[in-house]
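Undergrad: any chance you could fold what I've pasted below:
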Amino acid sequence: MFRFILVVITLFLYLILGIPVLGIEWIISKFNQEAADYQCLRMVQAAFRFMLKIAGTEITVIGEERIPDEPVLFIGNHRSYFDILLTYSRCKRRTGYIAKKEMMSYPLLRTWMKRLYCLFLDRDNPKEGLKTILKAIEYVKSGISICIFPEGTRNTGEELSVLPFHSGSFKIAEKSGCPIIPISMNNTISIFEKQFPRIKKTHVIIEYGKPIYAKDLDREQKKQLSQNCQKIIEDTIKKNQALL
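TA: Predicted structure coming up:
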């Protein structure tokens, strides 16, 4: 429980102390939006890395050099709340996440998420969901990467399992022309959810796959894009399980 309490205190203090920071960054953004964006990005990354250190998380990273220096669509399997900390803390470029609309219920957290180009998806309203995807496409075209977990929710099933991917997630890459980067994560559920509410020292593996450009695929390959990306991630987490 000690690790859990420390992580919660760190998050709470960051959100409270970050209120004046948001104000300062708002002023800076009036003169240099990109500089303000990157300052916010690096501050949040520092907080996430600190929380991962408190949690005692050992991270093995594979294939990070495969990420091109351009806006991308990150797609990954999702087993833990810590997936966001693990992946966001490694983003070199501005990156927004697509989160469930329920996250809008947390005022300070919601403010920071919006500031970091996160979008909130209403899974029960197709019209609003389409608006979210269109906004994500707009972000990518303006130079901001997007990360989404196409399973649509955290997978609480068997280790090495992956829930079916929602094909709508991949429209972001198809319409913007950006590359897709698969992110395969092993053992993240063991940090917290497996023994909730305790946080346990855990070894996790993150592997970034080779870029996939939807524009280079033929018609049939585009139809199978979500299934093929799901298979890449399934095969990768099975391969990397031996490294734990």
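
Undergrad: for stretch 204-223, give the mean pLDDT please.
TA: Looking at stretch 204-223 alone, the average pLDDT works out to 94.

Undergrad: and for stretch 49-67?
TA: Mean per-residue pLDDT for stretch 49-67: 97.

Undergrad: repeat that for stretch 230-239.
TA: On average, stretch 230-239 scores 97.

Undergrad: outside of that stretch, which residues touch it?
TA: Here stretch 230-239 makes contact (Cβ atoms under 8 Å, 6 or more residues apart in numbering) with 75-77, 150, 160, 162, 164-165, 182-186, 207, 209. Every residue, glycine included, has its C-beta placed from N, CA and C.

Undergrad: which stretches of the chain form strands?
TA: For the chain, the strands defined by DSSP state E cover 57-62, 73-76, 95-100, 119-121, 145-148, 179-186, 202-208, 212-213.

Undergrad: looking at those, which is nearest to E193?
TA: strand 202-208 (11.0 Å; Cβ to Cβ).

Undergrad: picking that back up, and of the contacts of stretch 230-239, the nearest to I84?
TA: Within the contacts of stretch 230-239, distances to I84 taken as Cβ to Cβ reach their minimum at G76, with 10.1 Å.

Undergrad: ok, so what distance separates I148 from T236?
TA: For I148, the distance to T236 equals 17 Å [Cβ to Cβ, to the nearest Å].

Undergrad: actually, I137.
TA: Distance, I137 to T236, by Cβ to Cβ: 27 Å.

Undergrad: quick one: N240 from E207, how far?
TA: For N240, the distance to E207 equals 6 Å [Cβ to Cβ].

Undergrad: shared neighbours, these two?
TA: I62, S184.

Undergrad: more crowded one of these two?
TA: With neighbours defined as other Cβ atoms under 10 Å, N240 and E207 compare such that E207 has more, 23 against 20.

Undergrad: who are the neighbours in contact with the more buried one?
TA: E207 makes contact with V61, I62, G63, I183, S184, T236, N240 under the criterion Cβ under 8 Å, 6+ apart.

Undergrad: how about the nearest residue to it, chain neighbours excluded?
TA: Nearest residue to E207 in three dimensions, chain neighbours excluded: I62, at 4.1 Å (Cβ to Cβ, 6 or more residues apart in numbering).

Undergrad: right, and the one you found touches I205 too?
TA: Yes: the criterion here is Cβ atoms under 8 Å, and I62 meets it with I205 at 7.0 Å.

Undergrad: shared neighbours, these two?
TA: With contacts taken as Cβ under 8 Å, 6+ apart, I62 and I205 have N240 as neighbours in common.

Undergrad: higher neighbour count, those two?
TA: A direct count of neighbours by other Cβ under 10 Å for I62 and I205 places I205 higher, at 22 against 16.

Undergrad: tally of neighbours for the spatially closest residue to that one that is not a sequence neighbour?
TA: Spatial nearest neighbour of I205, chain neighbours left out: N186 (4.2 Å); criterion: Cβ to Cβ, 6+ apart. Counted with other Cβ under 10 Å, residues neighbouring N186 total 25.

Undergrad: tell me who's in contact with N186.
TA: V204, I205, I206, I237, N240, Q241, L243, L244.

Undergrad: just give the number of residues close to the last one.
TA: When neighbours are defined as other Cβ under 10 Å, L244 has 13 of them.

Undergrad: so which of the strands of the chain is nearest Q39?
TA: Of all the strands of the chain, strand 95-100 sits nearest to Q39, with 14.6 Å by Cβ to Cβ.
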